[in-house]
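> Here is the input, now give the coordinates:
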Amino acid sequence: MKALQGVDGHVAWVQAQRPVCDAGQVRIRVAAAGLNRADVLQKAGHYPPPPGASPYMGLECAGVIEEIGAGAGADWRVGDRVCALLASGAMAEEVVVDARHVLPVPEGLSLHEAAAIPEVYATAWLNIFQLGALKAGEKVLVHAGASGVGSAAIQLCKAFGSPVWVSVGSQDRLDYCQALGAAGGVVRNQNLDALEALGPFDVVLDPVGASYGALNLKVLARDGRWVIIGLMGGRQVEMDLAQVLGKRLQITGSTLRNRDDAFKGELLRELRQQVWPLFSEGRLSPQLVDTYPVEFAEAAYQALEGNQVSGKLVMVIDPTLV
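Okay, the predicted model is just below:
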């Protein structure tokens, strides 16, 4: 089979060994795979897969089940249309994955759309609703609100009754977020401090890190939760810990990729129960904005690296599967 591999800062569609479908796993013939910021970092050599994971690119995919390993459960049949969360290797003609990390394609969605769901919705649910302990009616601030995770977070907050504001890179992206359901926000190179007047916020979802540290402390409400999921703005920050004490703030660092299989399985079980029905009801959308044939993978990565994409990009692996 073939798979997408990062090579010296570029990507190449290379020959790869076909993986074995072990007990508890299913084999998926891949139709498409979603692109994520982690893929950009891996391509650049800054975010290698966890030990023992596939060396190839991709954290999520959708396709058709081809094989079911012993003990993989009664949920799946050969031919089922599914999407899956992986630690790596999703951008390949075939993947094998823990059966607990597989979800049915929501009714009414194509395989291309489904490939844009697992990673970003799992990330948003984990960090806002589980770690951030969001309650209905509480206010949320999502930095990089037009990203894939941001797009999922806005829709989830709206669906579960919490108003959400964003910081973004342009007015067009702010308009996009408001069309998804954001109550408002700011353009970061204009007036980030305006967020203070929009708050205080109970939960801040932050993929930026250091450069927004002081701002987050100012805009968080008493008993607020600051969940850090990325370091696009650096890793070193000087903080006024008196604000952390005085407001009784919780600061949580979070990653999903290196969580163990049981944790991911439980997370996806909760997604299937709580979130998946909302796609069929039309209350959530994958926000797929463009697809790229895998032969044009380099162009897809360049588009994501340009930080101008609002929503999700998907790599088409097998155009015969839709």
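> and Glu305, what pLDDT?
Per-residue pLDDT puts Glu305 at 90.
> how many neighbours does it have?
For Glu305, the neighbour count with other Cβ atoms under 10 Å is 14. Quick note: C-beta positions are derived from backbone N, CA and C, even for glycine.
> Am I right that Leu4 is in contact with Gly89?
No - taking contacts as Cβ atoms under 8 Å, Leu4 lies outside contact range of Gly89: 9.0 Å.
> any shared contact partners between these two?
For the pair Leu4 and Gly89, residues contacting each of them under the criterion Cβ atoms under 8 Å, 6 or more residues apart in numbering are Tyr56, Met57, Gly58.
> Where does the second one sit: helix, strand or coil?
Reducing the assignment at Met57 to three states with DSSP: H, G, I helix; E, B strand; the rest coil gives coil.
> got it, and Leu205?
For Leu205, the secondary-structure state derived from three-state DSSP is strand.
> ok, now which ones touch it?
124, 127-128, 132, 140-143, 149-150, 153, 227, 229.
> do the same with Ile317
So Ile317 contacts Val30, Ala31, Ala32, Ala33, Cys61, Gly63, Met91, Ala92, Glu93, Val294 (Cβ under 8 Å, 6+ apart).
> Which ones among those map onto strands?
If you go by DSSP state E, the contacts of Ile317 have Val30, Ala31, Ala32, Ala33, Cys61, Gly63 in strands.
> Buried only: go through these for me.
Among the ones in strands among the contacts of Ile317, those that count as buried by neighbour count (16 or more other Cβ atoms under 10 Å) are Val30, Ala31, Ala32, Ala33, Cys61, Gly63.
> Would you format the residues you listed as JSON lines with distance to Gln308 and pLDDT included?
Below are those laid out as JSON lines (distance: Cβ to Cβ, whole Å; pLDDT from 0 to 100):
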{"residue": "Val30", "distance to Gln308": "27", "pLDDT": "98"}
{"residue": "Ala31", "distance to Gln308": "26", "pLDDT": "98"}
{"residue": "Ala32", "distance to Gln308": "21", "pLDDT": "98"}
{"residue": "Ala33", "distance to Gln308": "21", "pLDDT": "98"}
{"residue": "Cys61", "distance to Gln308": "24", "pLDDT": "98"}
{"residue": "Gly63", "distance to Gln308": "28", "pLDDT": "98"}
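> which of those lies closest to Glu266?
Comparing those against Glu266 with Cβ to Cβ picks out Cys61 as the nearest, at 20.7 Å.
> where does the spatially most central residue of the chain land on pLDDT?
Most central in the chain under Cα atoms, centre = their mean is Val120, positioned 2.1 Å from the mean C-alpha point. pLDDT recorded at Val120 is 98.
> Pull the number of nearby residues for Leu131.
18.
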